[in-house]
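Asks: Next input, structure requested:
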Amino acid sequence: MGLHATSICGAVGAGLGVSHEDFTDAAARDPRRLALAALVRCVEDERCSASFPHAFPAVLRVTTRTGEELEARVEVNRGGPGNPLSHEELARKFHDNAVRSLPEERRGRARGPNARPS
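Replies: The predicted model follows:
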């Protein structure tokens, strides 16, 4: 299941969007995601492993249909101490999570009296 989940995450992050809805049972059966996930191969990267669990780095390597190889490396994960979310991003993340479980009147109270409007 872990490698399958990683393949799905790779497919989702490759351009099909990343939100809570991307990790539902229905999304996991989406033929577009499954087709892209079938092309994903997960391998360990020694530099990433060396900094885990203090950071959650990642590398994405893509070989295009023309054979071109592209690489993107993220050494410091988004939202961690070395790459924090802005106030606006944090407010959006809170909202996106809160709407799933808190009634509207409690969402505003949970943000606190000094929170900026979103």
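Asks: quick one: the strands in the protein?
Replies: 58-63, 69-74 (DSSP state E).
Asks: who does the last one pair up with?
Replies: As defined by DSSP bridges, the strand partners of strand 69-74 come to strand 58-63 (antiparallel).
Asks: How far does the strand it pairs with sit from its chain's centre?
Replies: 15 Å (C-alpha atoms, centre = their mean, to the nearest Å).
Asks: Surely residue 73 touches residue 57?
Replies: Yes - using C-beta atoms under 8 Å, residue 73 is in contact with residue 57, at 7.3 Å. For the C-beta atoms, the positions are set from N, CA and C on the backbone; glycine is no exception.
Asks: what about the two, which has more around it?
Replies: residue 57 (17 against 12; other C-beta atoms under 10 Å).
Asks: Residue 44 is in contact with the more buried one, correct?
Replies: No - counting by C-beta under 8 Å, residue 57 sits too far from residue 44 to count as a contact (11.8 Å).
Asks: List the buried residues of the longest helix belonging to the chain.
Replies: Taking DSSP state H as the criterion, the chain has its longest helix at helix 87-98. The neighbour-count check on helix 87-98 (16 or more other C-beta atoms under 10 Å) flags 91, 94, 98 as buried.
Asks: Ok, stretch 66-80 next?
Replies: In terms of neighbour count (16+ other C-beta under 10 Å), stretch 66-80 has no buried residues at all.
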